[in-house]
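*Asks:* Fold the following.
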Amino acid sequence: LEIWRGALASAAERPLTGHGYGLQILAERMRAVTRDPLITHPHNLFLGQLLQIGAVGLALFVLVIGALAAHHWRLVRAGDAVLVRLGALGLMTLTGFVVRNLTDDFFLRANAKLLFAVQGVLLGAAALRRRSLAAKG
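*Replies:* From the prediction side, this is the model:
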């Protein structure tokens, strides 16, 4: 909680635009707040985004995650077994990603690319399935 209080205090300095990109953008400040040289970021995905890109960027980020979840939810309710499975996989990967990032933040480099790559594959597979179903009749 000490880490998060420090992150919120830093975010309040630049609430709309944030401090700039980079998970460790305020590493020295985080070390000072926690008095731990190993703590260099807020250990929370949403606080990390708030620090880096501000409230506007965080709102857009949440909107993207929400849009993906809504799309996968529609797939789960589609009625076709393949679409249901693809939607469930999408929801599970998003949920796992968000929950795991509540106490740490690994939304960077390869991990961030992997999340969106998996989402893209699932959405692409669902689009192909819908096209196939539409062609059948």
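*Asks:* hey, let's count contacts and neighbours off CA atoms from now on
*Replies:* Noted.
*Asks:* Can you point out the buried residues in the longest helix anywhere in the chain?
*Replies:* Assignment by DSSP state H gives helix 45-76 as the longest helix of the chain. Residues 45-55, 57-58, 61, 68-69, 72-73, 75-76 are the ones in helix 45-76 that count as buried (16 or more other C-alpha atoms under 10 Å).
*Asks:* In terms of secondary structure, what does that helix contact?
*Replies:* With contacts defined as 3 or more C-alpha pairs under 8 Å, 6 or more residues apart in numbering; DSSP states H and E, the packing partners of helix 45-76 are helix 2-13, helix 81-100.
*Asks:* The ones you listed: lowest mean pLDDT?
*Replies:* Ranked by mean pLDDT, those bottom out at helix 2-13, with a mean of 89.
*Asks:* continuing past that one, what's the next helix or strand?
*Replies:* Proceeding C-terminally, helix 2-13 gives way to helix 27-34 as the next helix or strand, assigned by DSSP states H and E.
*Asks:* Tell me the secondary structure at Asp105.
*Replies:* The three-state assignment at Asp105 reads coil, by DSSP: H, G, I helix; E, B strand; the rest coil.
*Asks:* Name the nearest residue to Trp4, sequence neighbours excluded.
*Replies:* Ranked by C-alpha to C-alpha, 6 or more residues apart in numbering and with sequence neighbours excluded, the top spatial neighbour of Trp4 is Pro42, at 5.9 Å.
*Asks:* export the helix or strand of the chain with the lowest mean pLDDT as CSV, just CAs?
*Replies:* In the chain, no helix or strand scores lower on mean pLDDT, DSSP states H and E than helix 27-34, which sits at a mean of 84. Extracted C-alpha coordinates of helix 27-34, given in CSV (Å, rounded to 0.1, in the frame of the first residue of the first chain):
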residue,chain,number,x,y,z
ALA,A,27,12.3,4.8,-10.2
GLU,A,28,14.3,7.0,-7.9
ARG,A,29,11.2,8.5,-6.3
MET,A,30,9.6,5.0,-5.8
ARG,A,31,12.8,3.9,-4.1
ALA,A,32,12.7,6.9,-1.8
VAL,A,33,9.1,6.4,-0.9
THR,A,34,9.5,2.7,0.0
